[in-house]
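*Asks:* no FASTA, just this:
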């Protein structure tokens, strides 16, 4: 309890210094370490202080440099409110809306501001091509044979090696590869649930996860979620007894881009282990952090093998390669069986190509570049939206990942706006897609994977105009 | 009715001619067409006559040449009996046995006579490699992007074009690609069943299908199946009212290698359509026929879109590419949704490579060669088993595909034999794997995908010795 009082006190103090212009726009704040020493607090508490100040739009982080007072501090748009979904668990997906939105995937002439993956300009395609060629040369029977059930060994070894970046300590034998990240989630849900079970998720969250859960006959309990710090631990605490399963995207989830503080991750892992509720952790965005450090995962704190850690290379490297994986903890036998029964084996060549790309060290270089590009793109979008959208707009502060969440005036129904914008060949994702509840009707998701080039800016400006016209 | 009397009469007449040595070993029989003209019967009736004579081991077909009186006719081992499974639908899979058998996949030093795929010597690996390289050059963003939900368009077009070989008349829009054949079956079962439903299958049948059905909570009704003509239509007729789903491998199923006569296929399609029971047809072996003509499929006779036709390139080209497909008929929406929810998209590069291989005409050349190789391999196995195994052994007469079914003396328990043989580094598939019932304990499957080279012959001879020792 002490630490939480402390963190609020320190946050308030710094906020006052900024409001009183003792600290001025552009001023650098003390480092996390300095704050620890000054106040005798833990690293986590110090980090939480900065997160809170960031959430209040008072400070901003710059990669490799630290935290700075916002420039100019009070012109940034505020962040969206914490979600407050109902406890109704039996609502259907907004099918018609989803169908409509997904039907514009790849449609010619449409400027779609909400694709789920980074644009190809962000990807190391030439190099990957070379890796594919070499993979066919290296693999036994050139990749035409079934590989071992658990998946390509080189890839599993590289994934295990990289797990130190989030404190993971994995061995290759802990990992099962899958045909993309969605396939990993699908196996986890199929292994651990039966129809009628209740699964808890963030709200708003990825529509694919909602569809998956509903398609397996599960009830979905949506949890209040903070746009900066992610799912509300207290809310989860209240329902932990009543749920059978929990699926979270703790790092830079879509559409919020929030990142759970370490102490929250730890608390959630302990809470769910105590109640015997398996936690499926989807970390597909974890490597796309904008700050200086890779965030930890829930899996980092998993002592009992109760966390099923899922990820893929679809958001960082090559969606079309369908290379994902799951670290199933104590549920390994069930997961292996499901993979055996439903898939027999994964596609070998693309896995081997990615393994080699990782081994060469090029993946880390690529990620470094990609992170900077995405963050710069985020700043571009934020500036543009702040400039062109109405002043009562709110936007999220993604700390990584590919999504920007925009909350508009209550008068603006983004599902209707979608139809109007599409007539002008502009696409985005209406907020209603990201929930089963009647909420987020005035929200939209923008994808940071779409580069906001000077050519695209007039299209975004046009979208802003349509928003204004709707109010 | 008339035709069935006719066919029995003609069969008996020819059989008598052979037994009376009017027709002698090596003599060529009239062609199907000639038999039609001589007796004024339909093609189907004529074909059935030959099938029956073949089942009686009196005649044998030679690719591109026709039917011949067996040489020497009465020394061939008889065929296994028609299966007679119980109607118990709630039995579990023989899990321990399955685990044991699958654990020897790829084990070093073990001569495994029962792999599910053709050995790499049978596959056009160098050419496929080149196709992979060219695919990455040709695909947008070199295959790193998601492809359309329904799957690679070139591949779907080529699959549609090839469907004329079995009278299929498909269009590319009728096809959804999947990550291998098992993935296609998995989507079909998930789309059309719920836990507690009953699915009818051949007996014996592919263990993967049994596992899949049980893993989804289905009851499995095994149907009496003839080693030459496949599932007994009358048996299916009796239960059609009681089942929710039917999964058949009409052409060269594993482990029997049987092929349903055209009139049986037609009858089954009509029967199931009448009862509103969807038929999932697994045709992965259909292109591997030993006779002169590609057999038709159940899908050929499907007027109402009630047949979900599944296949893949895993048995003919490249298991490790994970390229399969489903023609879902009237269930297209459900199947597309499942693919979307569980997979998002398929791996693009391998599909594009196969499409190009097909378009070049090389696939047909490859199949022609492969079919002859497999049939020659079958003859080698038959000769070897007839020579070395005890005289009370029975073996199937596969008309195509990759499997040979061997029925031994009732005293021989092949699950126990498996352990004994494995100590001598010899592997095969015990009959008990292919059923949920207590049957086939004295049977085994041998794979025609394993080339019986002079080096391997002593291993098979050793297996025969172990069989003899067990009697």
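*Replies:* Happy to help now that I have it. Being a predicted model, the structure only gives us computed values, none of them experimental.
*Asks:* From the contact counts, what lies against the lengthiest strand in chain A?
*Replies:* Ranked by residue count under DSSP state E, the longest strand found in chain A is strand A:219-226. For strand A:219-226, the elements it packs on are strand A:198-203, helix A:207-215, strand A:230-231, helix A:233-239, judged by 3 or more CB pairs under 8 Å, 6 or more residues apart in numbering or on different chains; DSSP states H and E. In short, each C-beta sits where N, CA and C put it, glycine included.
*Asks:* what's the burial count for residue A:274?
*Replies:* By the measure other CB atoms under 10 Å in any protein chain shown, the count of residues near residue A:274 is 11.
*Asks:* For chain B, give me its nearest residue in the stretch 151-300 of chain A.
*Replies:* residue A:186 (4.3 Å; CB to the nearest CB).
*Asks:* Contact partners for residue A:338?
*Replies:* Applying CB atoms under 8 Å, 6 or more residues apart in numbering or on different chains, we find residue A:338 in contact with A:187, A:190, A:191, B:215.
*Asks:* from memory the residue of the stretch 151-300 of chain A closest to chain B sits against residue B:339, does it?
*Replies:* No - look at residue A:186 against residue B:339 with CB atoms under 8 Å: they stay out of range, at 10.9 Å.
*Asks:* per-residue confidence for residue A:73?
*Replies:* The model reports residue A:73 with a pLDDT of 47.
*Asks:* Same check on the one 10 residues further on?
*Replies:* pLDDT, residue A:83: 94.
*Asks:* Checking my notes, it in a helix, right?
*Replies:* No - read with DSSP: H, G, I helix; E, B strand; the rest coil, residue A:83 is coil and lies in no helix.
*Asks:* thinking again about what came up before, now that we have the contacts of residue A:338, which of them are buried?
*Replies:* Buried by 16 or more other CB atoms under 10 Å in any protein chain shown: A:187, A:190, A:191, B:215, out of the contacts of residue A:338.
*Asks:* quick check, nearest of the residues you listed to residue A:291?
*Replies:* residue A:187 (31.7 Å; CB to CB).
*Asks:* what sits against that closest one?
*Replies:* Counted by CB under 8 Å, 6+ apart, residue A:187 has contacts A:178, A:326, A:335, A:338, A:339, A:342.
*Asks:* Which of those fall within helices?
*Replies:* A:335, A:338, A:339, A:342 (DSSP state H).
*Asks:* so where's the stretch 51-200 of chain A shaky on pLDDT?
*Replies:* A:71-75 (pLDDT under 70).
*Asks:* related to what we said a few turns ago, settle it for me: which of residue A:186 and residue B:339 has more neighbours?
*Replies:* residue A:186 (28 against 25).
*Asks:* Quick check: the gap between the residue lying closest to that one once chain neighbours are set aside and residue A:171.
*Replies:* Nearest residue to residue A:186, sequence neighbours excluded (CB to CB, 6 or more residues apart in numbering or on different chains): residue B:342, at 4.3 Å. Using CB to CB, to the nearest Å, we find residue B:342 at a distance of 28 Å from residue A:171.
*Asks:* So those two - more neighbours on which side?
*Replies:* Taking neighbours as other CB under 10 Å, residue B:342 and residue A:171 compare with residue B:342 leading, 27 against 12.
*Asks:* what's the more buried one in contact with, if anything?
*Replies:* A:182, A:183, A:186, A:212, A:215, B:187, B:190.
*Asks:* and those, which of them are in helices?
*Replies:* A:182, A:183, A:186, A:212, A:215, B:187, B:190.
*Asks:* Of these, which is the nearest to residue B:133?
*Replies:* residue A:183 (26.3 Å).
*Asks:* burial measure for the closest one, as a count.
*Replies:* Residues near residue A:183, counting by other CB under 10 Å: 27.
*Asks:* show me the contacts for it.
*Replies:* So residue A:183 contacts A:322, A:324, A:343, B:179, B:342, B:343 (CB under 8 Å, 6+ apart).
*Asks:* I figured the fourth one hits residue B:324, correct?
*Replies:* Same thing as residue B:179. Yes - if you go by CB under 8 Å, residue B:179 and residue B:324 touch, sitting 6.9 Å apart.
*Asks:* Which residues of the stretch 301-450 of chain A lie near chain B?
*Replies:* By CB under 8 Å from any CB of the partner chain, the residues of the stretch 301-450 of chain A that approach chain B are A:317-322, A:337-338, A:340-350.
*Asks:* same check, this time on the stretch 1-150 of chain A
*Replies:* A:102, A:105-106, A:117, A:120, A:123, A:125-126, A:128-129, A:132-133, A:136-137, A:139, A:141-148.
*Asks:* Now, those that are in strands?
*Replies:* Short answer: these have none in strands (DSSP E).
*Asks:* Buried residues, the longest strand of chain A. List them.
*Replies:* Quick answer for strand A:219-226 (16+ other CB under 10 Å): A:219, A:220, A:221, A:222, A:223, A:225, A:226.
*Asks:* Quick check: the gap between residue A:93 and residue B:194.
*Replies:* Residue A:93 is 19 Å from residue B:194, by CB to CB.
*Asks:* Compare the two and say which is more crowded by neighbours.
*Replies:* residue A:93 (18 against 12).
*Asks:* Give me the contact list for the longest strand of chain A.
*Replies:* Contacts of strand A:219-226 (CB under 8 Å, 6+ apart): A:55, A:82-87, A:89-91, A:196-205, A:210, A:213-214, A:231-232, A:235-236, A:239, A:242-243, A:256, A:258, A:435-437.
*Asks:* Smallest distance to chain B belongs to which residue of the stretch 351-471 of chain A?
*Replies:* residue A:353 (9.2 Å).
*Asks:* Can you name the residues that contact that residue?
*Replies:* A:128, A:131, A:132, A:134, A:135, A:321.
*Asks:* In the stretch 201-350 of chain A, which residue sits closest to chain B?
*Replies:* residue A:318 (3.8 Å).
*Asks:* which one is that residue nearest to, not counting chain neighbours?
*Replies:* Residue A:318 sits nearest to residue B:144 (CB to CB, 6+ apart), 3.8 Å away.
*Asks:* before we move on, what about residue A:470?
*Replies:* That would be residue A:412: by CB to CB, 6+ apart, it lies 4.7 Å from residue A:470.
*Asks:* Sketch out the helices for the stretch 301-450 of chain A, chain order is fine.
*Replies:* Assigned by DSSP state H, counting those that start in this stretch, the stretch 301-450 of chain A shows helices spanning A:332-342, A:348-359, A:362-388, A:414-423.
*Asks:* winner for burial among those helices?
*Replies:* Highest mean neighbour count among the helices of the stretch 301-450 of chain A (mean count of other CB atoms under 10 Å in any protein chain shown): helix A:348-359, with a mean of 26.
*Asks:* ChimeraX command for the buried members of the residues of the stretch 1-150 of chain A next to chain B?
*Replies:* To isolate in ChimeraX the members of these that are buried, counting by 16+ other CB under 10 Å, one can use:
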select /A:117,123,125,128,129,132,136,139,141,142,143,144,145,146,147
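*Asks:* So which of the residues of the stretch 1-150 of chain A next to chain B are in helices?
*Replies:* Filtering these for helices - DSSP H - leaves A:102, A:125, A:126, A:128, A:129, A:132, A:133, A:136, A:137.
*Asks:* Would you mind listing the buried residues in stretch A:460-471?
*Replies:* Buried-residue list, stretch A:460-471, by 16+ other CB under 10 Å: A:460, A:462, A:463, A:464, A:467, A:470.
*Asks:* ok, now which residue in chain A is the farthest from the centroid?
*Replies:* residue A:141 (37.7 Å; CA atoms, centre = their mean).
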